[in-house]
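Engineer: task: produce atomic coordinates for the following.
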Amino acid sequence: MSQKKRKPKPKRSGNPGHKRPTAPAMPATELTFDRIGKPEIDRILREQLGITLAAALERSSVPSVQAFVDELEHEDDAVLAVQSLEAELGIEAGADELPELDLEQDVRLLRADIEQQVQISEVDKRLLTICREAMVFLERRAVRAEKELESAVRKTEQAENQAARHERRAEERVSEAQELRGKLEAAEAENAELRERLAKARAKGERLEHELEDVEDAPAGEAADQDVIADLRKRLKQREELLIEAHAEHERLEVSLDVARNEVIRLHREVEGATEEGVVAEEALPEVETVLEAVEEAMKRCKHLVFTERALETAEDSPFWRPDMVLADLIKLDQVAEAYERPEGIGQPVGQFAQDLGLDWRSGVGEVWYGIHPNDYHFSQDGHTLRVAEHVRVANGSGAQRCARIYCAFHPGGDGPDDLARGVYVGPVGRKLPDSTTG
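Structural biologist: Next comes the predicted model:
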């Protein structure tokens with residue numbers, strides 16, 4: 001048989017001389033290797049597809065990669081068969097010319113070459129499958145990334161629009177705050193004028209009282225003198241009525257002033273971006289059913305407030321429907337008492353300190369009410385008479401069930417052994433004391 005040249009055989013497998021070990025049973029979803037190891041598979045995938053084994057497993061199914069590994073091992077079997085047959089026929093490795101072979105030997109060699117080409121073709125098919133699956137994976141990921149990008153763009157636009165709305169709202173709030181500041185200044189000026197008028201009315205009322213006392217001390221005279229006395233009494237009554245009206249107007253302006261101040265504070269917090277999340281949660285308090293229970297619970301918790309008998313008596317009489325609010329304000333008031341007891345002082349007005357704690361504070365009570373309702377505005381402690389000077393407005397609804405106050409007295413203390421200690425003494429708790437609004 002004539003000699004003929006043979007094309008060099010493509011060999012892509014690793015070392016075919018390794019014996020095939022018995023592989024243990026593995027889960028169906030885990031890639032298994034018989035003869036060709038991971039490094040060799042990784043090298044072939046990088047050369048053929050430009051991806052690593054890990055990338056192929058990520059972007060393709062495990063069965064596809066496993067089928068590629070199996071076909072690659074079958075290709076190695078075909079390469080071994082060709083090499084074994086060539087050695088048997090005396091063909092040297094890498095020789096370009098074949099020796100004289102008979103027909104049967106030539107057929108055997110041709111069949112071995114064809115089997116090798118078939119296995120190479122199968123490997124190529126498996127590689128193509130992996131490549132297609134990887135392309136589909138990348139396309140899907142690209143589509144998903146594009147959708148995520150579109151979503152991010154939409155969210156960015158929404159955030160920009162929301163920021164613009166917040167900015168406009170902040171500008172509106174600033175304008176409202178400026179307007180409220182103007183109203184606040186006008187209310188303060190009106191309040192100052194009313195205070196001055198009230199002081200003048202009080203002075204005039206005191207002068208008329210002295211004139212009336214002088215007249216009463218004088219001996220009974222003629223009818224003209226009696227007319228003067230009646231006129232003085234009438235004028236004194238008119239001044240008292242004017243004084244009560246002025247005090248009522250003063251209280252109304254105080255309420256309007258507080259509402260304006262609170263609104264300015266709220267607007268400032270909104271403009272500065274204050275959020276409820278930044279506020280520290282208050283201590284959880286036990287449930288109380290009545291105002292008396294609230295006072296009794298406060299007596300256990302408050303270390304600085306001094307609770308008088310009047311506090312317990314009035315608390316028992318109060319039908320206020322939210323005793324938990326009374327308890328919460330008493331605990332805050334205890335912080336005011338603690339600050340008042342400091343030798344160095346609070347360092348700021350008591351009212352401002354109380355308002356910073358969240359109390360609806362009211363300082364001062366009109367002198368007229370001490371004289372008109374002395375029993376309501378005075379209370380005793382250890383034989384000493386104390387006078388209501390400040391109070392906390394717990395709620396300001398209509399009726400005793402919706403309205404509640406905490407009245408107290410700030411005593412500076414004394415040096416005598418029988419004097420009361422410096423501190424805050426709690427007086428009436430619950431019902432609002434009589435004034436111009438209650439009659």
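
Engineer: contacting residues for V295?
Structural biologist: F307, A311, L312, A315, V326, L330, V429 (Cβ atoms under 8 Å, 6 or more residues apart in numbering). (C-beta placed from N, C-alpha, C; glycine too.)

Engineer: quick check: it vs S318, distance?
Structural biologist: Distance of V295 to S318, given as Cβ to Cβ, to the nearest Å: 9 Å.

Engineer: find residues that contact each of the two.
Structural biologist: In contact with both V295 and S318: V429, using Cβ under 8 Å, 6+ apart.

Engineer: now, the contacts of V295 that are in helices?
Structural biologist: Those of the contacts of V295 mapping onto helices are A311, L312, A315, V326, L330, per DSSP state H.

Engineer: check contacts around the second one.
Structural biologist: Going back to what we said before, that points to L312. When contacts are taken as Cβ under 8 Å, 6+ apart, L312 is in contact with L292, V295, E296.

Engineer: tell me the one among those residues nearest to H378.
Structural biologist: Closest approach to H378 among these (Cβ to Cβ): V295, at 19.4 Å.

Engineer: and the closest one, what pLDDT?
Structural biologist: V295 carries a pLDDT value of 97.

Engineer: could you find the closest non-adjacent residue to it?
Structural biologist: Among residues not flanking V295 along the chain, A315 sits closest, at 4.3 Å (Cβ to Cβ, 6 or more residues apart in numbering).

Engineer: verify the stated contact: that neighbour with V429.
Structural biologist: Yes: in this structure, A315 is within contact of V429 by Cβ atoms under 8 Å, at 4.5 Å.

Engineer: which residues do those two both contact?
Structural biologist: V291, V295, V326.

Engineer: just those residues now: which is nearest L31?
Structural biologist: Of the shared contacts of A315 and V429, the one sitting nearest to L31 (Cβ to Cβ) turns out to be V326, at 72.6 Å.

Engineer: pull the distance from stretch 331-339 to the chain's centre.
Structural biologist: Averaging C-alpha positions (Cα atoms, centre = their mean, to the nearest Å) puts stretch 331-339 27 Å from its chain's average.

Engineer: which parts of it are buried?
Structural biologist: Neighbour-count burial for stretch 331-339, counted by 16 or more other Cβ atoms under 10 Å, picks out I331, K332, L333, D334, Q335, V336, A337, E338, A339.

Engineer: surely the last one and D356 touch.
Structural biologist: No: the pair formed by A339 and D356 falls short of the contact definition of Cβ under 8 Å, at 10.6 Å.

Engineer: out of the shared contacts of A315 and V429, who's nearest E115?
Structural biologist: Checking these against E115 by Cβ to Cβ gives V326 as the nearest, at 97.6 Å.

Engineer: tell me who's in contact with the closest residue to that closest one other than its chain neighbours.
Structural biologist: With sequence-adjacent residues excluded and distances taken as Cβ to Cβ, 6+ apart, V326 is closest to A294, at 4.3 Å. The neighbourhood of A294, defined by Cβ under 8 Å, 6+ apart, consists of V288, A315, P323, D324, V326, L327, L330.

Engineer: equivalent analysis for T52, please.
Structural biologist: With Cβ under 8 Å, 6+ apart, T52 has these contacts: D42, L45, R46.

Engineer: could you report the neighbour count for the first one?
Structural biologist: Right, the one you point to is D42. Using other Cβ atoms under 10 Å, D42 has 16 other residues around it.

Engineer: secondary structure element for it?
Structural biologist: helix 38-48 (DSSP states H and E).

Engineer: so which elements touch that helix?
Structural biologist: Under the contact definition 3 or more Cβ pairs under 8 Å, 6 or more residues apart in numbering; DSSP states H and E, helix 38-48 sits against helix 53-59, helix 62-89.

Engineer: want to throw the ones you listed into CSV with distance to R393, mean pLDDT and mean neighbour count?
Structural biologist: Putting those into CSV (distance: least, Cβ to Cβ, whole Å; pLDDT from 0 to 100; neighbours: other Cβ atoms under 10 Å) gives the following:
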stretch, distance to R393, mean pLDDT, mean neighbour count
helix 53-59, 68, 86, 17
helix 62-89, 74, 84, 18
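
Engineer: among those, which is nearest D360?
Structural biologist: Closest of the helices and strands packed on helix 38-48 to D360 is helix 53-59, at 64.6 Å (criterion: Cβ to Cβ).

Engineer: other SSEs contacting the closest one?
Structural biologist: For helix 53-59, the packing partners by 3+ Cβ pairs under 8 Å, 6+ apart come out as helix 38-48, helix 62-89, helix 103-217.

Engineer: much appreciated, bye for now.
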